[in-house]
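Asker: based on what follows, work out the 3D shape:
(2 chains)
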Amino acid sequence: MLTNAPRGTKDILPDQVYKWQYVESIFKEICSEYGFDEIRTPTFEHTDLFKRGVGDTTDIVEKQMYSFDDYGGRNLTLKPEGTAPVVRAFIENKLYSDLLPVKYFYIIPCFRYEKPQAGRMREFHQFGIEIFGSDNMMADAEVIGLAMDFFEKLSIIELELHINSIGCPNCREGYRIILKEFLKDKYDNLCDTCKTRYERNPMRILDCKSEVCQTLVVGAPKMLDYICEDCEIAFVALKQDLDAMGIEYEVDPGIVRGLDYYTKTAFEIISKNIGAQGTVCGGGRYDNLIEQVGGPATPGVGFGMGIERLLLVMEKSNIVIPRDDEIDVFLAVMGAKAQNFGINLTRQLRKNGFKAQMDLKARAIKHQFKYADRLKARHTIVIGDNELESQMVSIKNMTTSEQTMVAVSDIIKTLTQLR
RNA sequence: GUGGAUAUAGUCAAGUGGUUAAGACACAGGGUUGUGGCUCCUGCAUGCGUGGGUUCAAAUCCCAUUAUCCACCCCA
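Answerer: The predicted model follows:
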(Lines give C-alpha, C1' and ligand atoms only; values in the text may rest on other atoms or scores of the structure.)
Protein backbone atom coordinates (compact mmCIF):
# COMPACT_ATOMS: atom_id res chain seq x y z
CA MET A 1 0.00 0.00 0.00
CA LEU A 2 2.69 2.38 1.11
CA THR A 3 4.68 1.77 -2.05
CA ASN A 4 1.77 1.99 -4.46
CA ALA A 5 0.75 5.25 -6.08
CA PRO A 6 -2.91 5.91 -5.24
CA ARG A 7 -5.40 4.31 -7.59
CA GLY A 8 -5.80 6.25 -10.80
CA THR A 9 -2.50 8.11 -10.48
CA LYS A 10 0.73 7.46 -12.29
CA ASP A 11 4.39 8.36 -12.04
CA ILE A 12 5.82 9.95 -15.14
CA LEU A 13 9.29 8.45 -15.17
CA PRO A 14 12.45 9.93 -16.68
CA ASP A 15 12.19 7.71 -19.76
CA GLN A 16 8.74 9.16 -20.49
CA VAL A 17 9.17 12.77 -19.48
CA TYR A 18 10.76 13.80 -22.77
CA LYS A 19 7.45 13.04 -24.47
CA TRP A 20 5.62 15.36 -22.12
CA GLN A 21 8.20 18.07 -22.55
CA TYR A 22 7.92 17.72 -26.30
CA VAL A 23 4.15 18.12 -26.54
CA GLU A 24 4.26 20.90 -23.96
CA SER A 25 6.82 22.81 -25.99
CA ILE A 26 4.80 22.43 -29.20
CA PHE A 27 1.66 23.52 -27.36
CA LYS A 28 3.38 26.62 -26.01
CA GLU A 29 4.72 27.32 -29.47
CA ILE A 30 1.31 27.27 -31.10
CA CYS A 31 -0.27 29.28 -28.28
CA SER A 32 2.36 31.92 -28.86
CA GLU A 33 1.63 31.96 -32.59
CA TYR A 34 -2.06 32.40 -31.83
CA GLY A 35 -1.43 35.09 -29.21
CA PHE A 36 -2.43 33.19 -26.08
CA ASP A 37 -0.64 33.99 -22.81
CA GLU A 38 0.00 31.45 -20.07
CA ILE A 39 -1.94 31.71 -16.83
CA ARG A 40 -1.28 29.63 -13.72
CA THR A 41 -3.95 29.09 -11.10
CA PRO A 42 -3.85 27.17 -7.80
CA THR A 43 -4.21 23.41 -7.63
CA PHE A 44 -7.21 23.76 -5.31
CA GLU A 45 -10.05 26.23 -5.10
CA HIS A 46 -13.06 26.85 -2.89
CA THR A 47 -15.51 24.04 -3.50
CA ASP A 48 -18.29 26.55 -4.10
CA LEU A 49 -16.51 27.82 -7.21
CA PHE A 50 -17.06 24.49 -8.92
CA LYS A 51 -20.55 24.05 -7.53
CA ARG A 52 -21.47 27.42 -8.96
CA GLY A 53 -19.42 27.23 -12.13
CA VAL A 54 -19.57 23.61 -13.23
CA GLY A 55 -23.07 23.12 -11.85
CA ASP A 56 -24.17 21.24 -8.75
CA THR A 57 -26.25 18.71 -10.64
CA THR A 58 -23.34 17.52 -12.77
CA ASP A 59 -21.63 14.17 -12.22
CA ILE A 60 -18.38 16.00 -11.61
CA VAL A 61 -19.73 18.01 -8.70
CA GLU A 62 -22.07 15.36 -7.36
CA LYS A 63 -19.65 12.46 -7.07
CA GLN A 64 -16.23 13.07 -8.59
CA MET A 65 -14.62 15.90 -6.67
CA TYR A 66 -11.70 15.55 -4.31
CA SER A 67 -13.00 17.89 -1.61
CA PHE A 68 -11.67 18.38 1.89
CA ASP A 69 -11.75 20.78 4.83
CA ASP A 70 -8.50 22.51 5.68
CA TYR A 71 -7.47 23.31 9.24
CA GLY A 72 -9.10 26.71 8.95
CA GLY A 73 -12.46 25.16 8.19
CA ARG A 74 -12.49 26.08 4.50
CA ASN A 75 -13.99 23.53 2.15
CA LEU A 76 -11.60 23.16 -0.77
CA THR A 77 -11.49 21.03 -3.91
CA LEU A 78 -8.66 19.82 -6.11
CA LYS A 79 -9.59 21.29 -9.46
CA PRO A 80 -11.60 18.88 -11.61
CA GLU A 81 -11.34 21.14 -14.68
CA GLY A 82 -9.54 24.27 -15.75
CA THR A 83 -12.08 26.86 -16.84
CA ALA A 84 -13.70 27.82 -13.54
CA PRO A 85 -10.38 28.66 -11.85
CA VAL A 86 -9.31 30.85 -14.77
CA VAL A 87 -12.67 32.61 -14.65
CA ARG A 88 -12.19 33.19 -10.92
CA ALA A 89 -8.70 34.61 -11.50
CA PHE A 90 -10.03 36.81 -14.30
CA ILE A 91 -12.64 38.31 -12.00
CA GLU A 92 -10.51 38.52 -8.85
CA ASN A 93 -7.67 40.30 -10.64
CA LYS A 94 -10.06 42.50 -12.60
CA LEU A 95 -8.54 41.39 -15.86
CA TYR A 96 -11.79 42.38 -17.56
CA SER A 97 -10.40 45.90 -17.66
CA ASP A 98 -7.63 44.65 -19.97
CA LEU A 99 -7.97 44.96 -23.72
CA LEU A 100 -10.64 42.44 -24.69
CA PRO A 101 -10.72 39.75 -25.76
CA VAL A 102 -8.11 38.21 -23.49
CA LYS A 103 -6.62 34.89 -24.53
CA TYR A 104 -5.11 32.49 -22.00
CA PHE A 105 -3.59 29.02 -22.06
CA TYR A 106 -2.64 26.67 -19.26
CA ILE A 107 -1.13 23.26 -18.54
CA ILE A 108 -2.66 21.74 -15.42
CA PRO A 109 -3.32 18.58 -13.45
CA CYS A 110 -7.01 17.78 -12.91
CA PHE A 111 -8.59 15.47 -10.36
CA ARG A 112 -11.77 13.46 -10.66
CA TYR A 113 -12.84 10.42 -8.67
CA GLU A 114 -13.72 7.96 -11.43
CA LYS A 115 -13.12 4.32 -12.18
CA PRO A 116 -9.71 4.24 -13.82
CA GLN A 117 -9.40 2.82 -17.31
CA ALA A 118 -7.19 3.27 -20.35
CA GLY A 119 -7.20 7.02 -20.95
CA ARG A 120 -9.10 7.76 -17.76
CA MET A 121 -7.11 8.64 -14.65
CA ARG A 122 -8.09 10.14 -11.31
CA GLU A 123 -5.27 12.60 -11.73
CA PHE A 124 -4.89 13.58 -15.36
CA HIS A 125 -3.38 16.50 -17.22
CA GLN A 126 -4.86 19.04 -19.55
CA PHE A 127 -3.83 21.64 -22.01
CA GLY A 128 -6.46 24.35 -22.01
CA ILE A 129 -7.17 27.66 -23.66
CA GLU A 130 -9.81 30.30 -23.05
CA ILE A 131 -10.92 33.44 -24.88
CA PHE A 132 -12.89 35.90 -22.72
CA GLY A 133 -14.73 38.88 -24.17
CA SER A 134 -15.93 37.96 -27.66
CA ASP A 135 -19.36 36.66 -28.53
CA ASN A 136 -18.41 36.36 -32.19
CA MET A 137 -18.12 32.86 -33.62
CA MET A 138 -14.71 33.79 -34.98
CA ALA A 139 -13.48 33.22 -31.43
CA ASP A 140 -14.97 29.71 -31.39
CA ALA A 141 -13.40 29.05 -34.77
CA GLU A 142 -10.03 30.26 -33.51
CA VAL A 143 -10.22 27.96 -30.49
CA ILE A 144 -11.04 24.98 -32.68
CA GLY A 145 -8.46 26.09 -35.24
CA LEU A 146 -5.72 26.18 -32.64
CA ALA A 147 -6.54 22.64 -31.55
CA MET A 148 -6.55 21.35 -35.12
CA ASP A 149 -3.30 23.12 -35.98
CA PHE A 150 -1.73 21.75 -32.83
CA PHE A 151 -2.59 18.19 -33.89
CA GLU A 152 -1.23 18.91 -37.33
CA LYS A 153 2.05 20.13 -35.85
CA LEU A 154 2.31 16.85 -34.00
CA SER A 155 1.61 14.93 -37.24
CA ILE A 156 -1.65 13.54 -35.85
CA ILE A 157 -4.03 13.03 -38.74
CA GLU A 158 -6.62 10.51 -37.67
CA LEU A 159 -8.92 12.75 -35.61
CA GLU A 160 -12.54 13.74 -36.15
CA LEU A 161 -14.06 17.08 -35.19
CA HIS A 162 -17.65 16.92 -33.98
CA ILE A 163 -19.64 20.09 -33.38
CA ASN A 164 -23.03 20.85 -31.93
CA SER A 165 -25.06 23.70 -30.54
CA ILE A 166 -26.57 23.19 -27.11
CA GLY A 167 -28.46 26.49 -27.07
CA CYS A 168 -28.65 29.32 -24.60
CA PRO A 169 -30.82 29.92 -21.52
CA ASN A 170 -33.56 31.34 -23.76
CA CYS A 171 -34.08 28.33 -25.98
CA ARG A 172 -33.13 25.89 -23.26
CA GLU A 173 -36.19 26.87 -21.26
CA GLY A 174 -38.43 25.75 -24.11
CA TYR A 175 -36.38 22.62 -24.62
CA ARG A 176 -36.61 21.77 -20.93
CA ILE A 177 -40.38 21.76 -21.19
CA ILE A 178 -40.28 19.54 -24.27
CA LEU A 179 -37.78 17.21 -22.63
CA LYS A 180 -39.79 17.00 -19.42
CA GLU A 181 -42.86 16.23 -21.46
CA PHE A 182 -40.94 13.40 -23.15
CA LEU A 183 -39.78 12.03 -19.78
CA LYS A 184 -43.07 12.56 -17.96
CA ASP A 185 -44.46 9.03 -18.22
CA LYS A 186 -40.98 7.57 -17.67
CA TYR A 187 -40.43 9.48 -14.44
CA ASP A 188 -41.24 6.59 -12.08
CA ASN A 189 -38.55 4.41 -13.64
CA LEU A 190 -35.77 6.99 -13.45
CA CYS A 191 -32.97 6.49 -10.93
CA ASP A 192 -33.19 8.47 -7.69
CA THR A 193 -30.62 11.03 -8.79
CA CYS A 194 -32.46 11.67 -12.01
CA LYS A 195 -35.76 12.09 -10.21
CA THR A 196 -34.27 15.12 -8.51
CA ARG A 197 -32.67 16.20 -11.79
CA TYR A 198 -36.09 16.12 -13.47
CA GLU A 199 -37.06 19.41 -11.87
CA ARG A 200 -33.65 20.95 -11.30
CA ASN A 201 -31.86 20.11 -14.54
CA PRO A 202 -33.55 17.58 -16.82
CA MET A 203 -30.82 17.85 -19.47
CA ARG A 204 -28.46 16.04 -17.11
CA ILE A 205 -30.69 12.97 -17.30
CA LEU A 206 -29.46 12.58 -20.87
CA ASP A 207 -25.97 11.70 -19.65
CA CYS A 208 -26.87 9.73 -16.54
CA LYS A 209 -24.70 6.65 -16.05
CA SER A 210 -27.54 4.42 -14.92
CA GLU A 211 -28.40 1.82 -17.52
CA VAL A 212 -32.12 2.20 -16.85
CA CYS A 213 -32.01 5.93 -17.50
CA GLN A 214 -29.94 5.35 -20.63
CA THR A 215 -32.63 3.21 -22.20
CA LEU A 216 -35.43 5.54 -21.10
CA VAL A 217 -33.68 8.41 -22.79
CA VAL A 218 -33.41 6.76 -26.22
CA GLY A 219 -35.23 8.81 -28.82
CA ALA A 220 -35.37 11.91 -26.64
CA PRO A 221 -35.66 15.22 -28.50
CA LYS A 222 -32.32 16.81 -29.39
CA MET A 223 -31.42 20.30 -28.24
CA LEU A 224 -30.12 21.17 -31.69
CA ASP A 225 -33.65 20.87 -33.12
CA TYR A 226 -35.02 23.42 -30.69
CA ILE A 227 -32.42 26.17 -30.56
CA CYS A 228 -33.61 29.79 -30.90
CA GLU A 229 -33.00 32.02 -33.89
CA ASP A 230 -30.03 33.70 -32.23
CA CYS A 231 -28.32 30.36 -31.57
CA GLU A 232 -29.18 29.12 -35.04
CA ILE A 233 -27.53 32.18 -36.60
CA ALA A 234 -24.47 31.61 -34.43
CA PHE A 235 -24.24 27.94 -35.39
CA VAL A 236 -24.45 28.80 -39.09
CA ALA A 237 -21.73 31.42 -38.61
CA LEU A 238 -19.50 28.89 -36.86
CA LYS A 239 -19.86 26.44 -39.71
CA GLN A 240 -19.07 29.19 -42.20
CA ASP A 241 -15.97 30.19 -40.27
CA LEU A 242 -14.76 26.59 -40.11
CA ASP A 243 -15.43 26.22 -43.83
CA ALA A 244 -13.43 29.38 -44.46
CA MET A 245 -10.53 27.91 -42.50
CA GLY A 246 -10.74 24.66 -44.42
CA ILE A 247 -11.49 22.66 -41.29
CA GLU A 248 -13.63 19.57 -41.75
CA TYR A 249 -16.29 18.76 -39.18
CA GLU A 250 -19.31 16.66 -38.52
CA VAL A 251 -22.48 17.96 -36.86
CA ASP A 252 -23.19 15.64 -33.92
CA PRO A 253 -26.42 16.47 -32.06
CA GLY A 254 -25.46 13.92 -29.42
CA ILE A 255 -22.76 16.03 -27.80
CA VAL A 256 -23.96 17.10 -24.38
CA ARG A 257 -21.14 18.55 -22.33
CA GLY A 258 -20.89 17.27 -18.81
CA LEU A 259 -20.50 20.75 -17.41
CA ASP A 260 -23.47 23.07 -17.01
CA TYR A 261 -21.78 26.27 -18.07
CA TYR A 262 -21.71 25.57 -21.79
CA THR A 263 -23.92 27.55 -24.19
CA LYS A 264 -24.23 27.45 -27.96
CA THR A 265 -21.05 25.87 -29.31
CA ALA A 266 -20.02 22.46 -28.03
CA PHE A 267 -17.35 20.41 -29.74
CA GLU A 268 -15.24 17.30 -29.34
CA ILE A 269 -12.18 16.07 -31.15
CA ILE A 270 -12.22 12.30 -31.18
CA SER A 271 -9.83 9.46 -31.91
CA LYS A 272 -11.18 6.06 -32.87
CA ASN A 273 -7.90 4.33 -32.09
CA ILE A 274 -7.34 4.61 -28.36
CA GLY A 275 -10.26 2.61 -26.98
CA ALA A 276 -13.41 3.76 -25.31
CA GLN A 277 -11.97 7.03 -23.99
CA GLY A 278 -11.61 8.57 -27.41
CA THR A 279 -12.24 12.25 -26.73
CA VAL A 280 -8.87 13.94 -26.87
CA CYS A 281 -10.19 17.47 -26.78
CA GLY A 282 -13.52 18.90 -25.68
CA GLY A 283 -14.77 22.41 -25.33
CA GLY A 284 -17.25 25.07 -26.23
CA ARG A 285 -18.76 28.42 -25.42
CA TYR A 286 -19.88 29.64 -22.00
CA ASP A 287 -21.48 33.06 -22.30
CA ASN A 288 -22.94 33.21 -18.79
CA LEU A 289 -20.25 31.61 -16.67
CA ILE A 290 -18.26 34.73 -15.82
CA GLU A 291 -21.35 36.62 -14.73
CA GLN A 292 -22.63 33.60 -12.84
CA VAL A 293 -19.42 33.37 -10.82
CA GLY A 294 -19.67 37.07 -9.96
CA GLY A 295 -17.94 39.01 -12.72
CA PRO A 296 -19.24 41.41 -15.32
CA ALA A 297 -21.23 39.78 -18.11
CA THR A 298 -18.48 38.53 -20.42
CA PRO A 299 -18.76 35.79 -23.03
CA GLY A 300 -16.14 33.05 -23.20
CA VAL A 301 -15.05 30.07 -25.23
CA GLY A 302 -12.31 27.46 -24.75
CA PHE A 303 -11.24 23.85 -24.68
CA GLY A 304 -9.59 21.24 -22.49
CA MET A 305 -7.31 18.64 -24.01
CA GLY A 306 -6.22 15.44 -22.25
CA ILE A 307 -2.45 15.09 -22.39
CA GLU A 308 -2.45 11.39 -21.48
CA ARG A 309 -4.90 10.72 -24.30
CA LEU A 310 -2.93 12.88 -26.68
CA LEU A 311 0.16 10.78 -25.99
CA LEU A 312 -1.90 7.60 -26.41
CA VAL A 313 -2.99 8.76 -29.85
CA MET A 314 0.60 9.55 -30.81
CA GLU A 315 1.75 6.16 -29.61
CA LYS A 316 -0.98 4.37 -31.58
CA SER A 317 -0.04 6.37 -34.66
CA ASN A 318 3.63 5.42 -34.21
CA ILE A 319 4.65 9.05 -34.13
CA VAL A 320 8.29 9.23 -33.07
CA ILE A 321 8.97 11.92 -30.50
CA PRO A 322 12.47 13.38 -30.76
CA ARG A 323 14.69 12.70 -27.80
CA ASP A 324 18.00 14.36 -27.10
CA ASP A 325 19.63 11.96 -24.69
CA GLU A 326 23.21 11.83 -25.94
CA ILE A 327 26.04 13.40 -24.01
CA ASP A 328 29.03 15.17 -25.55
CA VAL A 329 31.84 13.70 -23.55
CA PHE A 330 32.58 11.17 -20.82
CA LEU A 331 35.69 11.32 -18.66
CA ALA A 332 37.14 7.97 -17.66
CA VAL A 333 39.59 8.50 -14.83
CA MET A 334 41.95 6.18 -12.97
CA GLY A 335 43.47 6.89 -9.63
CA ALA A 336 42.97 9.57 -7.04
CA LYS A 337 44.97 12.24 -8.84
CA ALA A 338 43.15 11.68 -12.08
CA GLN A 339 39.83 11.78 -10.26
CA ASN A 340 40.75 15.13 -8.88
CA PHE A 341 41.77 16.38 -12.24
CA GLY A 342 38.66 14.87 -13.78
CA ILE A 343 36.07 16.45 -11.53
CA ASN A 344 37.53 19.83 -12.28
CA LEU A 345 37.78 19.24 -16.03
CA THR A 346 34.19 17.96 -16.10
CA ARG A 347 33.08 21.14 -14.40
CA GLN A 348 35.00 23.30 -16.85
CA LEU A 349 33.48 21.43 -19.78
CA ARG A 350 29.99 21.97 -18.39
CA LYS A 351 30.70 25.66 -17.93
CA ASN A 352 31.56 25.72 -21.62
CA GLY A 353 28.18 24.26 -22.48
CA PHE A 354 29.15 20.62 -22.98
CA LYS A 355 27.05 17.79 -21.67
CA ALA A 356 29.87 16.15 -19.72
CA GLN A 357 29.76 13.25 -17.28
CA MET A 358 32.16 11.09 -15.36
CA ASP A 359 31.92 7.92 -13.33
CA LEU A 360 30.83 8.62 -9.79
CA LYS A 361 31.61 5.15 -8.48
CA ALA A 362 35.36 4.89 -9.16
CA ARG A 363 34.85 1.76 -11.19
CA ALA A 364 37.42 -0.11 -13.28
CA ILE A 365 38.23 1.49 -16.62
CA LYS A 366 36.40 -1.25 -18.52
CA HIS A 367 33.22 -0.44 -16.69
CA GLN A 368 33.66 3.23 -17.18
CA PHE A 369 33.69 2.61 -20.92
CA LYS A 370 30.64 0.43 -20.65
CA TYR A 371 28.97 3.17 -18.67
CA ALA A 372 30.01 5.78 -21.24
CA ASP A 373 28.45 3.60 -23.89
CA ARG A 374 25.20 3.38 -21.96
CA LEU A 375 25.14 7.11 -21.47
CA LYS A 376 25.42 7.48 -25.24
CA ALA A 377 28.59 9.50 -24.97
CA ARG A 378 29.86 10.84 -28.29
CA HIS A 379 33.43 11.02 -26.98
CA THR A 380 35.36 9.53 -24.12
CA ILE A 381 38.56 10.91 -22.65
CA VAL A 382 40.81 8.66 -20.59
CA ILE A 383 42.84 10.24 -17.84
CA GLY A 384 45.36 8.35 -15.75
CA ASP A 385 48.85 8.87 -14.40
CA ASN A 386 50.40 8.75 -17.89
CA GLU A 387 48.15 11.53 -19.15
CA LEU A 388 48.78 13.69 -16.12
CA GLU A 389 52.50 13.29 -16.60
CA SER A 390 52.58 13.91 -20.36
CA GLN A 391 49.76 16.44 -20.31
CA MET A 392 48.40 14.67 -23.40
CA VAL A 393 45.05 12.83 -23.55
CA SER A 394 43.31 10.77 -26.19
CA ILE A 395 39.81 11.70 -27.22
CA LYS A 396 37.98 8.62 -28.41
CA ASN A 397 35.11 8.89 -30.85
CA MET A 398 32.65 6.31 -29.53
CA THR A 399 31.02 5.73 -32.90
CA THR A 400 34.15 5.18 -34.99
CA SER A 401 36.49 4.15 -32.16
CA GLU A 402 39.10 6.58 -33.52
CA GLN A 403 41.37 8.18 -30.95
CA THR A 404 43.14 11.50 -31.31
CA MET A 405 45.86 12.73 -29.04
CA VAL A 406 45.54 16.30 -27.86
CA ALA A 407 47.21 18.46 -25.26
CA VAL A 408 45.29 18.90 -22.03
CA SER A 409 45.18 22.63 -22.67
CA ASP A 410 43.50 22.01 -26.04
CA ILE A 411 40.66 19.72 -24.85
CA ILE A 412 37.92 22.33 -24.92
CA LYS A 413 39.10 23.70 -28.25
CA THR A 414 39.21 20.25 -29.83
CA LEU A 415 35.81 19.22 -28.50
CA THR A 416 34.32 22.43 -29.83
CA GLN A 417 35.66 21.57 -33.28
CA LEU A 418 34.33 18.03 -33.04
CA ARG A 419 30.87 19.12 -31.99
C1' G B 1 -21.80 3.42 -11.48
C1' U B 2 -22.41 -1.90 -14.39
C1' G B 3 -19.99 -6.19 -16.44
C1' G B 4 -15.54 -9.29 -17.81
C1' A B 5 -10.26 -10.81 -17.50
C1' U B 6 -5.62 -10.97 -15.01
C1' A B 7 -1.91 -10.92 -10.71
C1' U B 8 5.06 -15.65 -10.13
C1' A B 9 12.14 -11.34 -9.74
C1' G B 10 13.35 -4.70 -12.61
C1' U B 11 10.81 -6.83 -17.48
C1' C B 12 8.73 -11.07 -20.32
C1' A B 13 7.42 -15.49 -18.44
C1' A B 14 7.50 -21.68 -17.21
C1' G B 15 4.93 -24.11 -13.50
C1' U B 16 -2.17 -26.94 -13.27
C1' G B 17 -1.39 -30.40 -5.09
C1' G B 18 4.45 -33.47 -3.58
C1' U B 19 11.54 -32.55 -1.89
C1' U B 20 16.33 -26.69 -3.09
C1' A B 21 10.14 -22.02 -7.89
C1' A B 22 12.56 -23.35 -15.17
C1' G B 23 14.31 -20.00 -18.85
C1' A B 24 15.27 -15.30 -21.36
C1' C B 25 16.30 -10.13 -21.11
C1' A B 26 17.94 -6.43 -17.72
C1' C B 27 21.13 -5.44 -13.59
C1' A B 28 25.78 -6.33 -10.57
C1' G B 29 30.67 -8.55 -10.36
C1' G B 30 34.60 -11.19 -12.82
C1' G B 31 37.78 -13.64 -17.14
C1' U B 32 41.51 -8.71 -18.84
C1' U B 33 45.01 -3.18 -11.55
C1' G B 34 44.42 1.32 -18.94
C1' U B 35 39.55 1.18 -23.51
C1' G B 36 32.61 0.13 -24.66
C1' G B 37 29.17 -2.40 -28.15
C1' C B 38 30.75 -9.37 -29.10
C1' U B 39 31.90 -13.66 -26.08
C1' C B 40 32.49 -16.73 -21.55
C1' C B 41 31.78 -17.39 -16.12
C1' U B 42 29.34 -16.04 -11.46
C1' G B 43 25.49 -13.65 -8.64
C1' C B 44 20.32 -12.05 -8.54
C1' A B 45 12.22 -14.71 -5.63
C1' U B 46 13.09 -18.39 2.59
C1' G B 47 9.30 -16.13 -2.30
C1' C B 48 4.50 -16.77 -6.21
C1' G B 49 -0.43 -9.15 -5.19
C1' U B 50 -2.43 -9.14 0.23
C1' G B 51 -5.20 -11.70 4.26
C1' G B 52 -7.60 -15.96 5.73
C1' G B 53 -9.15 -21.20 4.92
C1' U B 54 -8.92 -26.60 3.03
C1' U B 55 -4.83 -30.39 3.14
C1' C B 56 0.16 -34.69 5.82
C1' A B 57 1.63 -31.13 1.85
C1' A B 58 -0.66 -24.99 -1.69
C1' A B 59 2.28 -20.59 -6.66
C1' U B 60 -1.30 -24.58 -7.80
C1' C B 61 -7.96 -25.68 -4.58
C1' C B 62 -11.73 -22.24 -1.82
C1' C B 63 -13.21 -17.35 0.26
C1' A B 64 -12.26 -12.33 0.93
C1' U B 65 -9.50 -8.11 -0.30
C1' U B 66 -6.39 -4.86 -3.21
C1' A B 67 -4.33 -3.52 -7.78
C1' U B 68 -4.01 -3.58 -13.07
C1' C B 69 -6.22 -4.18 -17.88
C1' C B 70 -10.68 -4.28 -21.12
C1' A B 71 -15.83 -3.21 -22.47
C1' C B 72 -20.34 -0.29 -21.27
C1' C B 73 -21.38 4.61 -19.48
C1' C B 74 -19.44 9.29 -18.81
C1' C B 75 -15.69 12.40 -20.05
C1' A B 76 -10.06 15.11 -20.87
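Asker: do any residues in stretch A:263-275 lie close to RNA strand B?
Answerer: Yes. Judged by Cβ under 7 Å from any atom of the strand, stretch A:263-275 and RNA strand B are in contact via A:268, A:275. (Each C-beta comes from the backbone N, C-alpha and C, glycine too.)
Asker: now stretch A:353-369: buried residues?
Answerer: For stretch A:353-369, the neighbour count (16 or more other Cβ atoms under 10 Å) marks A:354, A:355, A:356, A:357, A:358, A:359, A:368, A:369 as buried.
Asker: no, scratch that, I was asking about stretch A:144-159
Answerer: Applying a neighbour-count criterion of 16+ other Cβ under 10 Å, the buried positions in stretch A:144-159 are A:144, A:145, A:146, A:147, A:148, A:150, A:151, A:154, A:156, A:159.
Asker: from the chain's centroid, how far away is it?
Answerer: Per Cα atoms, centre = their mean, to the nearest Å, the displacement of stretch A:144-159 from the mean C-alpha position of its chain is 14 Å.
Asker: before we move on, what about stretch A:35-50?
Answerer: Taking Cα atoms, centre = their mean, the mean C-alpha location of stretch A:35-50 is offset from the chain mean by 14 Å.
Asker: can that stretch be said to contact RNA strand B?
Answerer: No. Applying Cβ under 7 Å from any atom of the strand, one finds stretch A:35-50 separated from RNA strand B by no less than 12.5 Å.
Asker: state the mean pLDDT of the strand or helix carrying residue A:195.
Answerer: Element membership of residue A:195 [criterion: DSSP states H and E] is helix A:192-200. The pLDDT scores in helix A:192-200 average 75.
Asker: other residues contacting the following helix or strand past it?
Answerer: Counting by DSSP H and E, the element after helix A:192-200 in chain order, helix or strand, is helix A:211-217. Here helix A:211-217 makes contact (Cβ atoms under 8 Å, 6 or more residues apart in numbering) with A:183, A:186, A:189, A:190, A:191, A:194, A:205, A:206, A:208.
Asker: how about the residue in the stretch 101-250 of chain A positioned nearest to RNA strand B, phi and psi?
Answerer: Nearest residue of the stretch 101-250 of chain A to RNA strand B: residue A:118, at 2.6 Å (Cβ to the nearest atom of the strand). The phi and psi values for residue A:118, taken as degrees, to the nearest 10, are phi -60, psi 120.
Asker: I'd say it and residue A:277 touch.
Answerer: Yes. Contact status for residue A:118 versus residue A:277: in contact at 6.4 Å, counting by Cβ atoms under 8 Å.
Asker: ok, back up a step: so which elements touch the helix holding residue A:195?
Answerer: Contacts defined by 3 or more Cβ pairs under 8 Å, 6 or more residues apart in numbering; DSSP states H and E place helix A:192-200 against no helix or strand at all.
Asker: does it reach RNA strand B?
Answerer: No. Applying Cβ under 7 Å from any atom of the strand, one finds helix A:192-200 separated from RNA strand B by no less than 10.2 Å.
Asker: not counting that helix itself, show me its contacts.
Answerer: Contact partners of helix A:192-200, identified using Cβ under 8 Å, 6+ apart, comprise A:57, A:62, A:180, A:183, A:187, A:190, A:204, A:205, A:208, A:210, A:213.
Asker: which of those residues lies closest to residue A:13?
Answerer: residue A:62 (34.4 Å; Cβ to Cβ).
Asker: which helix or which strand is home to residue A:176?
Answerer: Here residue A:176 is assigned to helix A:169-183, by DSSP H and E.
Asker: strands along the stretch 51-200 of chain A, start to end?
Answerer: For the stretch 51-200 of chain A, strands defined by DSSP state E, counting those that start in this stretch occupy the ranges A:67-69, A:75-78, A:102-111, A:123-132, A:159-165.
Asker: please, which helix or strand holds the closest residue to residue A:333 other than its chain neighbours?
Answerer: Nearest non-adjacent residue to residue A:333, counting by Cβ to Cβ, 6 or more residues apart in numbering: residue A:342, 3.8 Å away. Per DSSP H and E, residue A:342 falls inside helix A:336-351.
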